[in-house]
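Asks: Prediction below, plus the sequence it came from.
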2 protein chains.
Amino acid sequence: MKRAAPARRAPTRKQQQGLDSRRRILDAASSLMTERGFAGTSISEVSRLSGLPASSIYWHFESKEGLLGAVVEEGAQRWFESLPAPAESVRRGARGAALLRAAAAQLEKGPEFLRLMLLIALERKEIDPTSLAMIRRVRRLALDRIEKIVALEGGAPGAELARDLASLVLAAADGLFVAHHIDPRATDLAAQFELLRRALAALARESKEAD
Amino acid sequence: MKRAAPARRAPTRKQQQGLDSRRRILDAASSLMTERGFAGTSISEVSRLSGLPASSIYWHFESKEGLLGAVVEEGAQRWFESLPAPAESVRRGARGAALLRAAAAQLEKGPEFLRLMLLIALERKEIDPTSLAMIRRVRRLALDRIEKIVALEGGAPGAELARDLASLVLAAADGLFVAHHIDPRATDLAAQFELLRRALAALARESKEAD
DNA sequence: CGCTGTATGTAGCGATCGTTACAGACGTGA
DNA sequence: TCACGTCTGTAACGATCGCTACATACAGCG
């Protein structure tokens, strides 16, 4: 009865219309929840922004919480797909450019999803565990990527050190995003990232000399 | 008629009771808003948690928005007061311990206020400008403090560099706070801070040798 | 054509929202 | 004692909340 299955055989025209509507609802919900948080977003607003009645929303999603879960899932999927290839071709000589670009890309390409993640991570009132698990998964994958770049960049430091450095980079990225959001004019993202890169490079160099 | 003036002459007993109630309302509101955000907190919940009827809340504060403003103002004031002395006595030799402690203290002593700041900074739906201004003021003061410590620590680097390093430290602190909130077990705050300190120290050392 | 399942539109459910009116309780100054 | 200002309790206001029942509208299939 309820809950649209993803069209097993033929995406008939009516079903395609349904998928389009579902997409429009997701986009509207994502935009609103990113701006006002979960509790601050009402179904009627999603309805107005998407142009579809509330009944349609509840035909496609089983509840407001389910809608949030779908938004997170969709956002995460898009985020995964937007990731550049693991960049095996990057030379070690291409200093921190890759690291810089990776971090900057995360902040420029998908600021909406980052904002949503931070928001529902901080809004800790029984947000459904599925979303939280998804957020952790996204962050862990981001950590893996950063770790690889850091290892390549720093001339293969200790495995543990690379992991910690990656955590630091991710944290700095989140913090810089917040700072830029609070006071955009006073925050030069690129310069800060470059500074961080130089600091980490210096640390890697020293820890290497210590051997 | 409305809006309690801060008792000009004598804090009579009834007025004192009023101040106590005001404090209880503020504490309840602060706790709830920190957990669920602004939109996610209802007056009835504040009423229940504080033990006072809604009419009392509206006698002490003119609206829900006004209550939020007061919560931010109060939190900021407490935060200012909880700041340690400018620490002139700190020796340059006491490596990064001061920096570490300052950052850790901010995260340990006042996590509620930090969470609240981040939440309402990310929930950007016409949050009243007074709160935003207060948040910026708090952050700027935190930056000043960190900058001084960094300058002391790094052996007086360039002024601009110190400012940028301070921004980086603040951003890292925010980001690490978020990371610790998302996945407490996977985030070793102390270790991360120490790593950051070492990286910055290494950078300062190299930039000094370059002279 | 009618039958079936997908998707949308209309109307409204009970609950809760922020907010207010108003009466009363209480300490205080005259 | 009595009027007054401060503060709290009761009860409700209209609006909106998340959500649902139900009647269509439309496409595909026999």
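Replies: That came in fine, so what should we check first?

Asks: contacts and neighbour counts: CA atoms only from here.
Replies: OK.

Asks: Next one: the residue of chain A found nearest DNA strand C relative to residue A:203, how far apart?
Replies: Residue nearest to DNA strand C within chain A: residue A:15 (2.9 Å; CA to the nearest atom of the strand). According to CA to CA, to the nearest Å, residue A:15 and residue A:203 sit 57 Å apart.

Asks: can you check residue A:123 too?
Replies: 35 Å.

Asks: next one: residue A:138
Replies: In terms of CA to CA, residue A:138 sits 27 Å off from residue A:203.

Asks: So between the two, which is more surrounded?
Replies: residue A:203 (24 against 17; other CA atoms under 10 Å in any protein chain shown).

Asks: DNA strand D versus residue A:59, what's the distance?
Replies: 8 Å (CA to the nearest atom of the strand, to the nearest Å).

Asks: Count the residues that sit near the residue in chain A positioned nearest to DNA strand D.
Replies: Going by CA to the nearest atom of the strand, DNA strand D is nearest to residue A:42 of chain A, at 3.1 Å. Using other CA under 10 Å as the criterion, residue A:42 is surrounded by 15 other residues.

Asks: In PDB, list the C-alpha atoms belonging to stretch A:192-209.
Replies: The C-alpha coordinates for stretch A:192-209 follow below in PDB (Å, rounded to 0.1, in the frame of the first residue of the first chain):
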ATOM      1  CA  GLN A 192      43.800  28.900   6.900                       C
ATOM      2  CA  PHE A 193      44.000  25.700   5.000                       C
ATOM      3  CA  GLU A 194      47.400  26.600   3.600                       C
ATOM      4  CA  LEU A 195      48.600  27.500   7.100                       C
ATOM      5  CA  LEU A 196      47.400  24.100   8.400                       C
ATOM      6  CA  ARG A 197      49.100  22.300   5.600                       C
ATOM      7  CA  ARG A 198      52.400  24.100   6.300                       C
ATOM      8  CA  ALA A 199      52.100  23.300  10.000                       C
ATOM      9  CA  LEU A 200      51.500  19.600   9.400                       C
ATOM     10  CA  ALA A 201      54.200  19.500   6.800                       C
ATOM     11  CA  ALA A 202      56.700  21.000   9.300                       C
ATOM     12  CA  LEU A 203      55.600  18.500  11.900                       C
ATOM     13  CA  ALA A 204      56.100  15.600   9.500                       C
ATOM     14  CA  ARG A 205      59.500  16.900   8.600                       C
ATOM     15  CA  GLU A 206      60.600  17.200  12.200                       C
ATOM     16  CA  SER A 207      59.200  13.800  13.200                       C
ATOM     17  CA  LYS A 208      61.100  12.300  10.300                       C
ATOM     18  CA  GLU A 209      64.400  13.900  11.200                       C
END
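
Asks: Indicate whether it makes contact with chain B.
Replies: Yes. Stretch A:192-209 reaches chain B (CA under 8 Å from any CA of the partner chain) through A:192, A:195, A:196, A:198, A:199, A:200, A:202, A:203, A:206.

Asks: again with stretch A:165-175
Replies: Yes. Under the criterion of CA under 8 Å from any CA, chain B is reached by stretch A:165-175 at A:165, A:167, A:168, A:170, A:171, A:172, A:173, A:174, A:175.

Asks: ok, the second one - contacts?
Replies: By CA atoms under 8 Å, 6 or more residues apart in numbering or on different chains, the contact set of residue A:167 is A:143, B:192.

Asks: now swap in the third one and tell me
Replies: Contacts were defined as CA under 8 Å, 6+ apart; by that measure residue A:168 touches B:172, B:176, B:192, B:196.

Asks: One more: the last one?
Replies: Applying CA under 8 Å, 6+ apart, we find residue A:175 in contact with B:170, B:171, B:172, B:173, B:174, B:175, B:176.

Asks: Please enumerate the helices of chain A.
Replies: Secondary structure of chain A by DSSP state H: the helices cover A:13-36, A:43-50, A:54-60, A:64-81, A:97-109, A:111-122, A:129-153, A:159-182, A:189-209.
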